[in-house]
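J.: just the structure for this:
(2 chains)
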Amino acid sequence: DTAVSQTPKYLVTQMGNDKSIKCEQNLGHDTMYWYKQDSKKFLKIMFSYNNKELIINETVPNRFSPKSPDKAHLNLHINSLELGDSAVYFCASSQVDSSNSPLHFGNGTRLTVT
Amino acid sequence: GDSVTQMEGPVTLSEEAFLTINCTYTATGYPSLFWYVQYPGEGLQLLLKATKADDKGSNKGFEATYRKETTSFHLEKGSVQVSDSAVYFCALISNAGNMLTFGGGTRLMVKP
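T.: Numbers count the residues shown, from 1 in each chain, chains lettered A, B, ... in the order given. Reported below is the predicted structural model:
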């Protein structure tokens, strides 16, 4: 049973294209996140949703738009892809009513923009 | 704001060597502290955690003690294995919020 699953695992596309990454969690968590991991493994939070509502939106270009149709899903849509968007994107979830609730991560989507 | 600082890697050890990966933090109040591990090609997995001062988190032979006086949460293992090769992330959640703040990650390479 996969707790946090994201698709696709690999995504290769050209500059200027629009693409989406999907994420689903079956843990019953009420908060979901998107993180970006660069080539040096540095992790940066992009968005956080709690019960389908945006609660964190770090300084991310507005070409990135998260969409949460329900609290088990948080998809990431990226418009007009740029070379600098190449990275690994991780979806995660947690139960936010506990300050020590760990995050559960998906296996990542490696995005390569050519 | 909150921040986590880890020693830069890579850390290269021989099998059965002793491991220490340093982690220090800056946060308001009393954060909860975590170590996550990322194996090649996978997402991050929680390795261990500690939620208050002097707590010791442990799992799979790894340990870390929450030291409030030195604001540290160093990761240790007495005898590493090749299968421990991964990237290790120290992280915190402050009691003011619910966002996990990560350190920069430390790559561990264990050679047979």
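J.: got a list of what the residue nearest to residue A:8 when sequence neighbours are not counted touches?
T.: Spatial nearest neighbour of residue A:8, chain neighbours left out: residue A:109 (6.1 Å); criterion: CB to CB, 6 or more residues apart in numbering or on different chains. Glycine gets a C-beta too; all of them are placed from N, C-alpha and C. Neighbouring residues of residue A:109 by CB atoms under 8 Å, 6 or more residues apart in numbering or on different chains: A:6-11, A:21, A:88-90.
J.: these two touch, right, residue B:89 and residue B:44?
T.: Yes - under the criterion of CB atoms under 8 Å, residue B:89 makes contact with residue B:44 at 6.4 Å.
J.: quick check: beta-bridge partners of the residue nearest to residue A:8?
T.: residue A:89 (DSSP bridges).
J.: around chain B, pick out the residues from chain A.
T.: A:4, A:31, A:40-43, A:45, A:48, A:56, A:90, A:92, A:94, A:96, A:99-108 (CB under 8 Å from any CB of the partner chain).
J.: among the residues you listed, which ones are buried?
T.: A:4, A:31, A:41, A:43, A:45, A:48, A:56, A:90, A:92, A:94, A:96, A:99, A:101-108 (16 or more other CB atoms under 10 Å in any protein chain shown).
J.: now list whatever residues contact both of residue B:89 and residue B:44.
T.: Joint contacts of residue B:89 and residue B:44 (CB under 8 Å, 6+ apart) are A:43, B:36-38.
J.: going by distance to residue B:10, which of the residues you listed wins?
T.: Lowest distance from residue B:10 to the shared contacts of residue B:89 and residue B:44 (CB to CB) belongs to residue B:38, with 13.4 Å.
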